[in-house]
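Peer 1: Sequence below, structure please.
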Amino acid sequence: MAEKSDTIKDFYDRSYKKLFSYKGFVKHLLQGFVRLKWVERVEFDKITLEPVSFIDRLFKKKEADIIWKLPLKEGSEVYLYLLLEFQSAVDKTMALRFASYILNFYAERIAKEKNKRLPVVFPLLLYNGKQRWNAAKSLQEMIELVDPSLREYLIRFKYFAIDIGSFSKRSLIKLRNNLVSAIFLLENARNENELDSVLKEIVEIVKSEMDKELLVRFGDWFEMLFKRTTKTEVNFEEIISEGSEYTMIVETLIEMRKKWENKGIQVGRKEGIREGMQKGFLNGRQKGIQEGMQKGRQEAIMDTAIELLKEGSSVEFVAKVTRLPIREIEKLKRNIG
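Peer 2: Model prediction:
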């Protein structure tokens, strides 16, 4: 992965924004993950991307993520405001942030069409952080109600949240024929066994998709993901072709996981240096730094091994990633079990 977390976030922002700038992915997202009746009335072949750009002074957000105009069958319309949230931590102020974006959208509409009533906006959050999304989904939840008689005067706002990591593999596979579920399956794979089975499911989903343009866009994203995270060139068409082997792509994914884990080791090393410096002021600076570096690195490696074992990785795979002796890893596995 990239060395800086903000670079990783930028990559996800750009890649997902590109994906959901195509109507086919919006259709799969809403039909597969938003189980509300109004979705059944959307004429997806007529939806249009809105070229909306504005500045939110309060939160310094430079432009809207993605806004789609969705015509309904009876002639009315709904606007989809898709907000991409790819931070590592949950933003507890999301309801306030999102409400601010919607109000800015309405302000722009009023400036352009002064005499028209405001349209319905469906606020949809797409989140892929490791921590499960637990922030308030309505603005009312954030407000302290000092008296029940004030309830009707509170600002009413609620957003719909899709937490990618909250879906089980089984629930995603059940969707079938949905390229967005294929994306989520790949995002949620935790070990080499899962990666192997996930790829097989993705191949089946891809083979059932009839929209050629959508397949091309999905393939572009897939290849870009691997190139960005592992510096490896892959050919998506070869992967999904009849009779293809999964070995190469699984190994590439494993390499990706190794780079993530190595990044964790580097974080542990930095913590060790800090601890060593503190110790060094008491017992000799140089010696303390060296001991802290070694301790931090070793503890990070052991933590990585334990996490991989908990996720179901094989002893051999953990040994390959951490370079620990197999005997030591087997001991860790017994202690965990």
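
Peer 1: Look through every helix and strand of the chain and give the one with the lowest mean pLDDT.
Peer 2: helix 247-283 (a mean of 51; mean pLDDT, DSSP states H and E).

Peer 1: Tell me, how many residues neighbour residue 86?
Peer 2: By the criterion of other CB atoms under 10 Å, residue 86 has 17 neighbours. C-beta: built from backbone N, CA, C; applies to glycine.

Peer 1: quick one: pLDDT of it?
Peer 2: On the pLDDT scale, residue 86 is placed at 81.

Peer 1: likewise residue 12?
Peer 2: 71.

Peer 1: Report the contact partners of it.
Peer 2: Going by CB atoms under 8 Å, 6 or more residues apart in numbering, residue 12 touches 84, 86, 128.

Peer 1: The last one is in contact with residue 165, isn't it?
Peer 2: Yes - applying CB atoms under 8 Å as the test, residue 128 and residue 165 come out as touching, 6.7 Å apart.

Peer 1: Touching both of those two, which residues are there?
Peer 2: residue 187.

Peer 1: Of those two, which one has the most company?
Peer 2: It is residue 128, of residue 128 and residue 165, that has more neighbours when counted by other CB under 10 Å, with 20 against 14.

Peer 1: residues contacting the more buried one?
Peer 2: Residues in contact with residue 128 (CB under 8 Å, 6+ apart) are 12, 85-86, 164-165, 187.

Peer 1: And the residue nearest to residue 43 when sequence neighbours are not counted, which helix or strand is it part of?
Peer 2: Closest residue to residue 43 apart from its sequence neighbours, by CB to CB, 6 or more residues apart in numbering: residue 71 at 5.0 Å. For residue 71, the host element (DSSP states H and E) is strand 66-71.

Peer 1: residues in contact with that strand?
Peer 2: For strand 66-71, the surrounding residues in contact (CB under 8 Å, 6+ apart) are 17, 20-21, 23, 26, 42-44, 46-50, 52, 77-82, 84, 105.

Peer 1: wait, residue 50 sits on residue 81?
Peer 2: No - at 9.3 Å, residue 50 does not count as touching residue 81 under the criterion of CB under 8 Å.

Peer 1: would you say residue 306 is within a helix?
Peer 2: Yes - counting by DSSP: H, G, I helix; E, B strand; the rest coil, residue 306 falls inside a helix.

Peer 1: circling back: residue 50 and residue 81: which has the busier surroundings?
Peer 2: Shown here are residue 50 and residue 81; by other CB under 10 Å, residue 81 has more neighbours (21 against 14).

Peer 1: For the stretch 201-337 of the chain, give me the ranges with low pLDDT.
Peer 2: For the stretch 201-337 of the chain, the stretches flagged by pLDDT under 70 are 228-234, 238-297, 300, 311, 321, 337.

Peer 1: To clarify, my last question referred to the stretch 1-150 of the chain.
Peer 2: 1-9, 11, 52-64.

Peer 1: Do a quick rundown of the helices in it.
Peer 2: Counting by DSSP state H, counting those that start in this stretch, the stretch 1-150 of the chain has helices at residues 5-19, 23-33, 94-112.

Peer 1: ok so, going back, gap between the residue nearest to residue 43 and residue 44?
Peer 2: From residue 71 across to residue 44, the span is 9 Å (CB to CB, to the nearest Å).

Peer 1: How about residue 329?
Peer 2: Using CB to CB, residue 329 is found at 50 Å from residue 44.
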